[in-house]
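> Whatever this is, show me its structure:
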Amino acid sequence: MNSKEFPRGGAVETAEQIRIWSALDTPRVEDEVKEIGSNVNDGGDAALRELTARFDGAAQVPRSLRVDDDALTEALNQLDPAVREALELAIANVSAVAVAQVDPDPSHVRLPQGQVVTLREIPVAAAGIYAPGGHAAYPSSVLMCAIPARVAGVERLVLATPPGPHGSVPSLVLATAALCEVDEVYAVGGAQAIFALAYGTGSIDPVDVVAGPGNIWVREAKRAVSGLVGIDSLAGPSELMIIAGHDVDPEWAALDLCAQAEHGGDGPLLVAAVEQAVLHAIEAAVERAAAERIGVGEAPLALVHVADTEAAIELANAFAPEHLELLCDDATLLAERVTTAGCVFAGRHSATAFGDYVAGSNHVLPTGGAGRFSGPLGPDVFRRKIATVQVPPEAAAKLAPHVDVLAKAEGFPVHGESAMIRVEDDRS
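Predicted coordinates for the structure are as follows:
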């Protein structure tokens with residue numbers, strides 16, 4: 001891995017330095033993503049097939065981009081029983097956490113003047129979820145996105161995921177989609193998949209919300225369509241920060257870091273420790289572990305020497321990592337002082353890998369510092385509030401003069417007339 005040691009310093013300044021350093025080799029893709037969006041909008045399915053062949057390396061692109069429902073059933077029937085058991089455990093745990101986030105009772109407020117305002121939450125009609133592909137299949141991303149959407153009550157659930165070299169979606173992904181009751185699956189990946197879900201094409205009807213993790217191309221496409229559709233967040237390359245105590249096991253920490261590096265070399269890894277010897281021990285363990293394992297990318301590893309645990313927490317809150325592991329004493333108490341991480345893993349046995357699969361928490365998390373203003377994917381992404389206002393005659397009489405005054409002050413006198421006529425000519 002590409003490691004660099006950062007000296008003691010201010011939390012905000014150090015966090016910014018690490019972000020800048022880790023992004024030095026990240027390509028700028030905004031213009032290319034805009035071009036993909038134009039191609040999808042103009043060319044529809046034909047453009048999707050051409051882009052799939054170009055970017056996903058699919059030598060055989062099927063005429064129909066939608067995966068046949070029978071393929072999902074067949075994939076599920078052929079699924080290894082142990083894998084199915086693990087997936088069903090993950091689905092049960094993630095479902096339990098998602099259900100706990102939904103309040104079925106509407107807010108019903110009767111105000112002093114007599115009017116009633118009711119706030120209801122209703123699901124969006126259609127949601128598109130994205131599961132990455134490429135060098136690996138991500139059934140876990142399917143369930144992390146599909147379950148909150150189903151719990152939210154979404155009627156039509158669509159999955160887009162890249163095809164393999166032969167033009168077909170990996171069987172494990174299809175089986176997971178079947179377990180999660182996904183309605184439609186399309187063998188389309190990358191930025192073009194996000195545009196297809198948002199714009200619609202000949203074979204893909206547009207959705208209301210697009211959610212799911214992806215690379216920088218997917219992230220930029222989601223940024224481009226935000227506003228036309230809802231999005232969950234601009235989640236990008238995966239990140240991990242570890243606060244390592246004096247008694248940390250360097251080998252355990254190294255495996256946690258290497259596990260994150262399996263996602264690729266784009267996401268920053270960060271270790272903060274009070275003792276410099278701990279940093280050096282983890283760095284050496286990472287080098288050994290990475291050398292012995294295939295698929296561990298050249299991710300940037302920042303090693304930060306902090307004055308004390310308080311400084312480490314300040315750094316974490318300034319950096320806002322996607323995943324934060326507290327491999328130190330009093331991890332549970334320290335977790336309560338973390339305010340920006342996407343997900344906190346407290347205690348030496350709480351590896352990020354548990355959250356990636358079966359712990360019950362969602363692994364679609366804010367990255368790039370977005371934890372300052374957003375959180376894990378949940379049912380709320382797929383639901384929206386709608387207000388109903390009921391103004392009986394007695395309330396109209398009390399409220400209308402105030403509407404009239406404010407409307408005239410804003411230069412909209414007809415607004416005032418609209419309210420006052422309910423009082424002056426009460427036919428109720």
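> For residue 2, which non-adjacent residue is closest in space?
Using C-beta to C-beta, 6 or more residues apart in numbering and skipping the chain neighbours, the partner closest in space to residue 2 is residue 300 (5.0 Å). For every residue, glycine as well, the C-beta is placed using N, CA and C.
> go on, residue 114?
Per C-beta to C-beta, 6+ apart, closest to residue 114 is residue 395, 3.4 Å.
> same thing with residue 361?
Take residue 361 and drop its neighbours on the chain: the residue closest to it by C-beta to C-beta, 6+ apart is residue 355, 4.8 Å away.
> Check residue 194 too.
residue 221 (3.7 Å).
> Might one say that the one you found is in contact with residue 199?
No. Contact status for residue 221 versus residue 199: not in contact, 10.8 Å apart, counting by C-beta atoms under 8 Å.
> list residues touching both of the two?
Shared contacts of residue 221 and residue 199 (C-beta atoms under 8 Å, 6 or more residues apart in numbering): residue 37.
> Pick out whichever of those two has more residues nearby.
Per other C-beta atoms under 10 Å, whichever of residue 221 and residue 199 has more neighbours is residue 221, with 29 against 17.
> what helix or strand is the more buried one on?
Using DSSP states H and E, residue 221 sits in helix 216-225.
> State the paired neighbours of whichever helix or strand comes after that helix in the sheet, together with their directions.
Downstream of helix 216-225, the first helix or strand assigned by DSSP H and E is strand 230-231. Note on strand 230-231: by DSSP bridges, its sheet partners are strand 209-211 (parallel).
> Find out how far the strand it pairs with is from the centre of the chain, if you would.
Distance of strand 209-211 from its chain centroid, counting by C-alpha atoms, centre = their mean, to the nearest Å, is 9 Å.
> swap in stretch 43-55?
On C-alpha atoms, centre = their mean, the centre of stretch 43-55 falls 25 Å from the chain's centre.
> Just confirm residue 84 contacts residue 175, I think it does.
Yes. With contacts counted by C-beta under 8 Å, residue 84 reaches residue 175, the gap being 7.4 Å.
> Common neighbours of these two, please.
Residues within reach of residue 84 and of residue 175 at once, by C-beta under 8 Å, 6+ apart, are residue 76.
> Which one of these two is surrounded by more residues?
More crowded of residue 84 and residue 175, by other C-beta under 10 Å: residue 175, with 25 against 14.
> Would you enumerate the residues in contact with that one?
Contacts of residue 175 by C-beta under 8 Å, 6+ apart are 72, 75-76, 78-79, 84, 87, 139.
> from the residues you listed, which would you call buried?
Among those, those that count as buried by neighbour count (16 or more other C-beta atoms under 10 Å) are 72, 75-76, 79, 87, 139.
> Residue 86 - nearest residue in space that isn't next to it in sequence?
Per C-beta to C-beta, 6+ apart, closest to residue 86 is residue 358, 6.8 Å.
> what's the pLDDT at the one you found?
Listed pLDDT for residue 358 reads 94.
> With residue 262 instead?
For residue 262, the pLDDT comes out at 88.
> can you count the residues close to it?
15.
> which residue packs closest to it, ignoring adjacent ones?
residue 295 (5.4 Å).
> My guess is the one you found contacts residue 263. True?
No. Counting by C-beta under 8 Å, residue 295 does not reach residue 263; the two are 9.7 Å apart.
> neighbour count winner among the two?
It is residue 263, of residue 295 and residue 263, that has more neighbours when counted by other C-beta under 10 Å, with 23 against 12.
> Do I have it right that that one meets residue 238?
Yes. Counting by C-beta under 8 Å, residue 263 touches residue 238, with 4.2 Å between them.
> circling back to that earlier point, can you name the residues that contact the residue nearest to residue 2?
1-4, 21-22, 265, 268-269.
> before we move on, the earlier item: got TSV for the buried ones among the contacts of residue 175, with pLDDT too?
Output for the buried ones among the contacts of residue 175, formatted as TSV (pLDDT from 0 to 100):
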residue	pLDDT
72	95
75	95
76	95
79	94
87	93
139	93
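> where do the strands sit along the stretch 151-300 of the chain?
Under the criterion DSSP state E, counting those that start in this stretch, the stretch 151-300 of the chain contains strands at 156-161, 184-187, 209-211, 230-231, 240-244, 269-273, 300-305.
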